[in-house]
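S.K.: Provide a 3D model corresponding to the input given below.
(2 chains)
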There are 2 protein chains.
Amino acid sequence: MRNVTVLTGGVGGAKLLAGLCALEPAPNVTAIVNTGDDFRHLGLAISPDIDTLLYVLSGQDHRTQGWGRQNESWSFMAALQSLNGPDWFALGDGDLALHVMRTARLAGGDTLSAITADFARAWGIRARILPMSDDRVATMVETDQGRFEFQDYFVAHRCMPVATAIRFEGAVTARAATDTITAIAGADAILIAPSNPYLSIDPILAVPAIRAALLARKVPVVAISPIVGGEAVKGPTGKLMREFGVPVSAGAVASHYGAILDGMLIDRGDAGAPLDIAHATEDTLMRDLADKKRVAAAALALAERLR
Amino acid sequence: MRNVTVLTGGVGGAKLLAGLCALEPAPNVTAIVNTGDDFRHLGLAISPDIDTLLYVLSGQDHRTQGWGRQNESWSFMAALQSLNGPDWFALGDGDLALHVMRTARLAGGDTLSAITADFARAWGIRARILPMSDDRVATMVETDQGRFEFQDYFVAHRCMPVATAIRFEGAVTARAATDTITAIAGADAILIAPSNPYLSIDPILAVPAIRAALLARKVPVVAISPIVGGEAVKGPTGKLMREFGVPVSAGAVASHYGAILDGMLIDRGDAGAPLDIAHATEDTLMRDLADKKRVAAAALALAERLR
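M.R.: As a prediction, the model looks like this:
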């Protein structure tokens, strides 16, 4: 496999990408990243999933926290609180550099794609990190307590409201970002990271040109199931599936992806359940680099089998 | 003296204001602050002189550095450098809170006056801190190496180019900020801080309504000389005076202020030189709080004498 393209959200996808990049020989890896979580906070343009990939793939990520930088300091938040500023979203001091630089360059007319590429280059990242779109797509969660912007739902409300629907504002008219379509058309395999299907992958699939390119694929699309032993590894995936009335299972995720999926790598703990799609089993929980490489290799092996 | 209004720039003025606020009984102190140094950096709205006052009057200033916060951390700058961002202007992590909050609120339509008042209130500052104008006034330095924006001249070029003229872009049409005119009209004494006359005080005097209000004053205006023993205490005051062909003396500063000045507090070391204006002498170097109170009291005593 020379060219591998991955649709991804944040943490889980970053682990898979780290595994792919560590394979020998390493394929040319392109990540098409969810930007539905992107938002403005205190005027700053924040791209949580892109930033997670930047930190993980440059080895600067916080090892246990699941977001942000290692060795982060918090003087900004302390000063912000002393000024009665909004403190529901944590902005680390070092992390601010990404947001301030991005905001300034966006204001100067640069695209998120170009800015992200420069950040990745500055940090020596070999994988290509492409936002799904340079146009605004905003994930909105409709719940029993009203309609929330993603970060308001995810951070401020900790996913507590019961979701009834998820919408992607702006998706219908959003153009796929430069190189995303060629990265899909030119891939030898396309992977869907074990990210949240509803909140991280669906926004990417909601960009019309990306969905069309995936439907026109000539190579297999393989998803790594985000379900491990009948429960989501982290985040609100399981909760959302229950709220949407679907079983928390690899099969339900596969059904959700439908026509764009050719195969699925599932966890050994979920091997018993019926699954109407080509699949392979593996211990899919990714704790260390060996896990990440093993899962990445297993996903590529399944894709190879399906070619 | 119940109501004292001070025209001020950064560090020297902040010391005087700290002295005024520490007098017993303390007068009602209003600072009308230079905003000619204000600029945008990385999209952030930075108001150096206002911030110096905020830090000094809330006791958060760096004790020896002359700018910024005590116990500051520098993760942002390190990360910015790793992204190849511009690093000629140092932004401390805690300091960023002021700039980010201010930028966001300005973008939301709030005035610099209102924002500054909220910051001062949040930090328990009793003195009123008023920007000279909520309109943009930009100090431009014309030199033998071309025309520079203030921060470019002051920070990036360390005041090295030879100045030929100083202009205040936007001053002619700038409106005085809310309360500045009533702070002048209602004052029992008006002080001019020992700030740089050309770079810190002249921008304030260049706002037409402020100059007019000062010329219409019914109470004395007393300047504290920025010259101590024939040299400027700090910064480029002495260098500029030499470049403009005037002696580095209290008398030359008094002449420069001209019709808006009634008296001057000069340093004992400058007592020998002729001075064509009412004056008093004092040890004007302000190292500790006792110095600041002594200088503030001496300036008020001179103003009292001139009523």
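
S.K.: Show me what the helix or strand of chain A with the lowest mean pLDDT is packed up against.
M.R.: Least confident element among the helices and strands of chain A, by mean pLDDT, DSSP states H and E: strand A:231-232 (a mean of 86). Packing partners of strand A:231-232 (3 or more C-beta pairs under 8 Å, 6 or more residues apart in numbering or on different chains; DSSP states H and E): helix A:237-243. Placement of C-beta: from N, CA and C, glycine included.

S.K.: what comes up buried for the helix or strand just after the helix it packs on?
M.R.: Sequence order places helix A:250-257 as the next helix or strand after helix A:237-243, per DSSP states H and E. Using 16 or more other C-beta atoms under 10 Å in any protein chain shown as the burial criterion, the residues of helix A:250-257 that qualify are A:250-254, A:256-257.

S.K.: What residues does chain A have near chain B?
M.R.: A:42-44, A:69, A:72-73, A:75-80, A:82-85, A:92-98, A:100-101, A:103-104, A:107, A:118-119, A:122-123 (C-beta under 8 Å from any C-beta of the partner chain).

S.K.: Filter those down to the ones in helices?
M.R.: Using DSSP state H, the subset of those located in helices is A:75-80, A:82, A:95-98, A:100-101, A:103-104, A:107, A:118-119, A:122.

S.K.: what's the distance between stretch A:23-30 and the middle of its chain?
M.R.: Put simply, stretch A:23-30 sits 19 Å off its chain's centre (C-alpha atoms, centre = their mean, to the nearest Å).

S.K.: Mind listing residues that contact that stretch?
M.R.: A:1-6, A:17, A:20-21, A:126-128, A:130, A:179, A:183, A:187-188, A:293, A:296-297, A:300 (C-beta atoms under 8 Å, 6 or more residues apart in numbering or on different chains).

S.K.: what about residue A:219, how many neighbours?
M.R.: Counted with other C-beta atoms under 10 Å in any protein chain shown, residues neighbouring residue A:219 total 20.

S.K.: Flag the shaky bits of the stretch 151-300 of chain A, pLDDT-wise.
M.R.: By pLDDT under 70, the stretch 151-300 of chain A has no low-scoring segment.

S.K.: how about the strands of it, start to end?
M.R.: Ranges of strands within the stretch 151-300 of chain A are A:163-169, A:189-192, A:221-224, A:227-228, A:231-232, A:263-267, A:278-282, based on DSSP state E, counting those that start in this stretch.

S.K.: Put together a markdown table for those strands, with mean neighbour count on each row.
M.R.: Shown next, in a markdown table, are the strands of the stretch 151-300 of chain A (neighbours: other C-beta atoms under 10 Å in any protein chain shown):
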| stretch | mean neighbour count |
| --- | --- |
| strand A:163-169 | 16 |
| strand A:189-192 | 27 |
| strand A:221-224 | 27 |
| strand A:227-228 | 24 |
| strand A:231-232 | 18 |
| strand A:263-267 | 24 |
| strand A:278-282 | 18 |
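
S.K.: how about these, which one is nearest residue B:12?
M.R.: Among the strands of the stretch 151-300 of chain A, the nearest to residue B:12 by C-beta to C-beta is strand A:163-169 (52.1 Å).

S.K.: That closest one: partners in the sheet, and parallel or antiparallel?
M.R.: Each strand paired with strand A:163-169, and its direction, by DSSP bridges: strand A:138-143 (antiparallel).

S.K.: And the residue in the stretch 101-250 of chain A that chain B sits nearest to, how far from residue A:111?
M.R.: The nearest approach of the stretch 101-250 of chain A to chain B comes at residue A:104, 4.0 Å away (C-beta to the nearest C-beta). Going from residue A:104 to residue A:111 by C-beta to C-beta, to the nearest Å gives 14 Å.

S.K.: These two: who's more crowded?
M.R.: residue A:104 (20 against 16).

S.K.: Quick check: closest non-adjacent residue to that one.
M.R.: Counting by C-beta to C-beta, 6 or more residues apart in numbering or on different chains, the nearest residue to residue A:104 once its immediate chain neighbours are dropped is residue B:43, at 4.0 Å.

S.K.: can you count the residues close to the one you found?
M.R.: If we define neighbours as other C-beta under 10 Å, then residue B:43 has 21 of them.

S.K.: do the same with the one 5 residues further on
M.R.: For residue B:48, the neighbour count with other C-beta under 10 Å is 24.

S.K.: right, and it touches residue B:37 too?
M.R.: Yes. If you go by C-beta atoms under 8 Å, residue B:48 and residue B:37 touch, sitting 4.8 Å apart.

S.K.: Give me the common contacts of these two.
M.R.: Taking C-beta under 8 Å, 6+ apart as the criterion, residue B:48 and residue B:37 both touch B:10, B:151.

S.K.: and residue A:106, how many residues sit next to it?
M.R.: 16.

S.K.: With residue A:146 instead?
M.R.: 9.

S.K.: got it, and residue A:64?
M.R.: 6.

S.K.: Need the pLDDT of it.
M.R.: On the pLDDT scale, residue A:64 is placed at 82.

S.K.: Please tell me how far it sits from residue A:193.
M.R.: 20 Å.

S.K.: Likewise for residue A:79?
M.R.: The spacing between residue A:79 and residue A:193, counted by C-beta to C-beta, is 36 Å.

S.K.: Those two: which is more packed in?
M.R.: Using other C-beta under 10 Å, the more surrounded residue of residue A:79 and residue A:193 is residue A:193, with 28 against 23.

S.K.: Can you tell me the SS state at the closest residue to the more buried one other than its chain neighbours?
M.R.: Of all residues not flanking residue A:193 in the chain, residue A:13 sits nearest, at 3.2 Å (C-beta to C-beta, 6+ apart). Assigned with DSSP: H, G, I helix; E, B strand; the rest coil, residue A:13 falls in the helix class.

S.K.: per-residue pLDDT, residue A:13?
M.R.: Predicted confidence (pLDDT) for residue A:13: 95.

S.K.: got the contact list for it?
M.R.: A:6, A:31, A:33, A:49, A:53, A:193-195, A:200.

S.K.: Can I get the buried part of those residues as one ChimeraX selection?
M.R.: Here is the ChimeraX selection string for the buried members of those, based on 16+ other C-beta under 10 Å:
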select /A:6,31,33,49,53,193,194,195,200
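
S.K.: what's the closest of the contacts of residue A:13 to residue B:175?
M.R.: For these, the closest approach to residue B:175 (C-beta to C-beta) belongs to residue A:49, at 45.0 Å.

S.K.: Can you dump the C-alpha atoms of the helix or strand containing that closest one in CSV for me?
M.R.: Per DSSP H and E, residue A:49 falls inside helix A:48-57. The C-alpha trace of helix A:48-57 is given here as CSV (Å, rounded to 0.1, in the frame of the first residue of the first chain):
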residue,chain,number,x,y,z
PRO,A,48,-9.8,20.8,17.7
ASP,A,49,-9.4,17.8,15.5
ILE,A,50,-6.7,19.3,13.3
ASP,A,51,-4.9,20.4,16.4
THR,A,52,-5.1,17.0,18.0
LEU,A,53,-3.5,15.5,14.9
LEU,A,54,-0.8,18.2,14.8
TYR,A,55,0.1,17.5,18.5
VAL,A,56,0.0,13.7,18.2
LEU,A,57,1.9,13.4,15.0
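
S.K.: ok, residues contacting that helix?
M.R.: Residues from elsewhere that reach helix A:48-57 (C-beta under 8 Å, 6+ apart): A:8-11, A:13-15, A:17-18, A:21, A:31, A:33-35, A:37-38, A:60-62, A:67-69, A:95, A:98, A:112, A:116, A:119-120, A:123, A:125-127, A:129, A:131, A:151, A:200.

S.K.: Perfect, I'm done here.
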